[in-house]
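Novice: pasted the sequence and its predicted model underneath.
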Amino acid sequence: MLKFGTLQLDMPFIQAPLSGYTDHPMRVLAKRFGCPLTFTGVMLDKIALHHKALKKLKFQPQDNEHPVGAQVLGDDPEVIAAAAEKFIEVGYDLIDLNFACPAPKVLRRVRGGHLMQQPGFIRETFLRTREKVNCPVFMKIRIGYDGSEAANEDFWTICENAATDGVDMLAIHGRTVHQKYRGKADWSLIIEVKKRFPNLTIFGSGDIMTPEIAIQRREESGVDGVIVARGAIGNPWIFQEIRALWNGQEKPHPPSLEEQGRIMLEHFEMICQTRDERKAVPYFRKFLAGYCKRHPDRKKTLLALMACKTKQAVIQTIIEHYKL
Ligand SMILES: Cc1cc2nc3c(=O)[nH]c(=O)nc-3n(C[C@H](O)[C@H](O)[C@H](O)COP(=O)(O)O)c2cc1C
């Protein structure tokens, strides 16, 4: 059992923050299938300070999905800390500070992954946030800004500060900011951090695409926990599979066609509750490649669903292809 203050995780495998994906519908389905903690996608600090935006349901966790972490991004430690306070006020359970995002527009604005080059900024942000909120404060970083020696030094300074200052959990993605999502994740540095700072809670991230890999990575790396990211898109069942293996049981039978279809319909209906049809249909398309992987006629089903232009067409196509 992993404990973060009053928050307890009954298994050390959690769903990643995924911008553009981990809104309420994906979070609530992950929870349903046994994921003990989910996050929002990264949110700009200013959103929290803009009252009208904060009031929108989209930014508030709903009753059936706790615990949920609010992931925050910004370029000023004081503003980030003030935003963290607001996110906790509206009901999030913990704060996750993002120093990992590699999106060019984020880097240009000296936010996210760019800050891996400024360990002092990261430290100050954590300490200011810690003062403002009475909840766990996590941090998400990568294994460096790039492959340079200077970046490696910064990386170790960030980890050392995190251990000294008592960061509740340090999540490390095994790619540099420069790499974005290219190539294979390198877990060797993640393993090294856990060895050097055994009291610092470390979660590793990178290339966790199957339940078997999730379990294997945790066992062979010695980290406290593992983060499932792309492997959970259109695949909430991965959490029940991980849970079974984690408990020493056999992997459950794959979900039947009917169950797959029902979950897809439910996911889509939830998306439609907060977006109008013109936005909901393309938004849902992003999940289809993941969902259709489990269909025996994957390609045909994926093509049919991708071609849908209206809400009714999506529903009808799911009903037909999943025999509902
Ligand atoms: C589409 C997409 C969006 C992401 N959004 C975020 C985000 O908002 N915050 C964050 O910390 N990481 C984000 N990540 C990184 C993931 O959390 C994770 O660390 C990364 O994908 C590596 O894991 P994987 O190789 O198992 O996918 C994102 C990744 C992807 C592919």
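Specialist: Great, that's in hand.

Novice: burial of the spatially closest residue to residue 181 that is not a sequence neighbour, as a residue count?
Specialist: Leaving aside its chain neighbours, residue 181 sits nearest to residue 175 (6.9 Å; criterion: C-beta to C-beta, 6 or more residues apart in numbering). (Glycine included, C-beta is placed from N, CA and C.) Applying other C-beta atoms under 10 Å, we find 22 residues neighbouring residue 175.

Novice: now do the one 10 residues further on
Specialist: Residues within reach of residue 185, counting by other C-beta under 10 Å, total 19.

Novice: and it, how far from the ligand?
Specialist: Distance of residue 185 to the ligand, given as C-beta to the nearest ligand atom, to the nearest Å: 6 Å.

Novice: the chain should start at 310 in everything you say after this.
Specialist: Okay, using 310 as the starting number, the last item reads as residue 494.

Novice: how about the nearest residue to that residue, chain neighbours excluded?
Specialist: residue 515 (2.4 Å).

Novice: which ones are touching that neighbour?
Specialist: 482, 483, 484, 493, 494, 495, 496, 499 (C-beta atoms under 8 Å, 6 or more residues apart in numbering).

Novice: Three-state assignment for the fourth one, please.
Specialist: Read it as residue 493. Classification of residue 493 by DSSP: H, G, I helix; E, B strand; the rest coil places it in coil.

Novice: I'd say it and residue 516 touch.
Specialist: Yes. Counting by C-beta atoms under 8 Å, residue 493 touches residue 516, with 6.2 Å between them.

Novice: more neighbours: which of the two?
Specialist: Higher neighbour count among residue 493 and residue 516: residue 516, with 18 against 10, using other C-beta under 10 Å.

Novice: please name the nearest non-neighbouring residue to that one.
Specialist: In space, residue 516 is closest to residue 494, 4.5 Å off (C-beta to C-beta, 6+ apart).

Novice: ok, that neighbour to residue 611 distance?
Specialist: Going from residue 494 to residue 611 by C-beta to C-beta, to the nearest Å gives 26 Å.

Novice: who does the closest residue to residue 482 other than its chain neighbours form a beta bridge with?
Specialist: Leaving out its chain neighbours, the residue that sits closest to residue 482 by C-beta to C-beta, 6+ apart is residue 514, at 4.4 Å. Judged by DSSP bridges, the bridge partners of residue 514 are residue 482, residue 536.

Novice: which residues touch residue 514?
Specialist: 325, 480, 481, 482, 483, 494, 535, 536, 538.

Novice: any chance of the contacts of residue 515 in JSON lines, with distance to residue 522 and pLDDT too?
Specialist: Below are the contacts of residue 515 laid out as JSON lines (distance: C-beta to C-beta, whole Å; pLDDT from 0 to 100):
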{"residue": "482", "distance to residue 522": "15", "pLDDT": "98"}
{"residue": "483", "distance to residue 522": "13", "pLDDT": "98"}
{"residue": "484", "distance to residue 522": "16", "pLDDT": "98"}
{"residue": "493", "distance to residue 522": "12", "pLDDT": "97"}
{"residue": "494", "distance to residue 522": "11", "pLDDT": "98"}
{"residue": "495", "distance to residue 522": "15", "pLDDT": "97"}
{"residue": "496", "distance to residue 522": "11", "pLDDT": "98"}
{"residue": "499", "distance to residue 522": "14", "pLDDT": "98"}
